[in-house]
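In: just coords:
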């Protein structure tokens, strides 16, 4: 029995209905987007060229599974060593054709960070290929279709990075779901045992409240509840389970964040989430305020980006 706090059946049923509509919306949007269709085709072609006759994968022909997200100096967070954060960037929601985000909403699908930064759709090479999007889709194909080889390769890459950074006195942290929300804590437990053995902090932004309630690795897998336009009813439950609440607001990145926010009658102090991404270092019972990113942020009409 899931211990949702202060939620009645009507609210829960309404949430399920809206979530179902969001999945249908995101799937249709992905399946009819010419940019995504082309990226899927190129990813499938590139992956096909890397599969050997015996079914093994020629990894040298494919992008790395893990990539560096953030480098932080130790004085920023008061740590003993500098920190580098690596992550696994799968394609979000239905971009690959596979669903990787059970907790999605229309707002987060429209404004997904997949299509910001180096993922912006206009950033194609001279042949018209978007190599960043293609790489993320390839990783997703590999996760769903070649899972055991995927697992072995990711652990290999992570061990190499750990050893390299250790030789430089740099600590490593890992974010399994950069754009996705896969239940790796259930589907890839080897990863968690590895990170626990080597004292590698793990963290994610999590939309699926059931993952927070059932997290089997709470001691070192830090979850921050990711607020969307339709899931604020679960804030009390997330707080009960020790999670902070990430919320996207309409304040520009360079502007000061408010000191407090009140959402659904719950007032908490605010941490500036744009200052760094090492969420596992945050103090508890806080809102993590993040400014809307990407060219489409100003056009949000779903309340995914909250006006403050």
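Out: All right, it came through fine. These numbers were taken from a predicted model, which means no experiment stands behind them. Numbering: from 1, shown residues only.
In: CA only for contacts and neighbour counts going forward, please
Out: Fine.
In: Can you report how many residues neighbour the nearest residue to residue 263 once chain neighbours are set aside?
Out: Nearest residue to residue 263, sequence neighbours excluded (Cα to Cα, 6 or more residues apart in numbering): residue 232, at 7.8 Å. With neighbours defined by other Cα atoms under 10 Å, the count for residue 232 comes to 18.
In: And residue 232, how far from residue 226?
Out: 9 Å (Cα to Cα, to the nearest Å).
In: Okay, helices next: where are they in the stretch 51-200 of the chain?
Out: Under the criterion DSSP state H, counting those that start in this stretch, helices of the stretch 51-200 of the chain are mapped to 74-77, 106-110, 131-145, 147-166, 184-187, 189-197.
In: show me where pLDDT drops low in this structure?
Out: The chain contains residues with pLDDT under 70 at 1-3, 113-114, 116-123.
In: now the residue lying farthest from the centre of it: how far from residue 137?
Out: Computed with Cα atoms, centre = their mean, the residue of the chain farthest from its C-alpha average is residue 53, at 33.9 Å. Going from residue 53 to residue 137 by Cα to Cα gives 22 Å.
In: Off-centre distance for stretch 38-52?
Out: 24 Å (Cα atoms, centre = their mean, to the nearest Å).
In: Name the residues of it that are buried.
Out: Buried residues in stretch 38-52, counted by 16 or more other Cα atoms under 10 Å: 39, 40, 42, 43, 44, 46, 47, 50.
In: Going by length in residues, pull out the top helix of the chain.
Out: helix 9-31 (DSSP state H).
In: can you pull the buried residues of it?
Out: Under 16+ other Cα under 10 Å, the buried positions of helix 9-31 are 15, 19, 22, 23, 25, 26, 27, 29, 30, 31.
In: Got phi/psi on residue 291?
Out: Here is the backbone geometry of residue 291 (degrees, to the nearest 10): phi -80, psi 150.
In: Is it in contact with residue 253, as I believe?
Out: Yes: in this structure, residue 291 is within contact of residue 253 by Cα atoms under 8 Å, at 5.3 Å.
In: Now do the shared contacts for these two.
Out: Residues touching both residue 291 and residue 253 (Cα atoms under 8 Å, 6 or more residues apart in numbering) are residue 274.
In: So for these two, which residue has more residues nearby?
Out: More neighbours surround residue 291 than the other of residue 291 and residue 253, with 21 against 16 (other Cα under 10 Å).
In: Kindly state the beta-bridge partners for that one.
Out: Beta-bridge partners of residue 291, counted by DSSP bridges, are residue 249.
In: re the thing from before, which one of the helices of the stretch 51-200 of the chain lies closest to residue 212?
Out: helix 184-187 (10.8 Å; Cα to Cα).
In: Please list the residues outside that closest one that contact it.
Out: By Cα under 8 Å, 6+ apart, helix 184-187 touches 176, 192, 215, 216, 217.
In: among these, which ones are buried?
Out: 176, 192, 215.
In: quick check, nearest of these to residue 276?
Out: residue 176 (17.1 Å).
In: That closest one and residue 201 touch, don't they?
Out: No: at 10.9 Å, residue 176 does not count as touching residue 201 under the criterion of Cα under 8 Å.
In: Give me the neighbour count for residue 197.
Out: Residue 197: 9 neighbours (other Cα under 10 Å).
In: Please give me every residue in contact with it.
Out: Counting by Cα under 8 Å, 6+ apart, residue 197 touches no other residue.
In: so who does the residue nearest to residue 141 when sequence neighbours are not counted touch?
Out: Excluding the flanking residues, the one nearest residue 141 by Cα to Cα, 6+ apart is residue 96, at 7.3 Å. Contacts for residue 96 (Cα under 8 Å, 6+ apart) come out as 36, 40, 137, 140, 141.
In: can you check residue 192 too?
Out: Contacts of residue 192 (Cα under 8 Å, 6+ apart): 185, 217.
In: quick one, strands of this structure?
Out: Applying DSSP state E to the chain gives strands spanning 66-72, 82-88, 170-175, 202-206, 221-226, 245-249, 260-263, 266-272, 286-291.
In: what helices or strands is the third one leaning on?
Out: For strand 170-175, the contact count by 3 or more Cα pairs under 8 Å, 6 or more residues apart in numbering; DSSP states H and E identifies strand 82-88, helix 147-166, strand 202-206 as packing neighbours.
In: swap the cut-off to 10 Å and go again
Out: Packing contacts for strand 170-175, counted by 3 or more Cα pairs under 10 Å, 6 or more residues apart in numbering; DSSP states H and E, involve strand 66-72, strand 82-88, helix 147-166, helix 189-197, strand 202-206, strand 221-226.
In: Thank you, goodbye.
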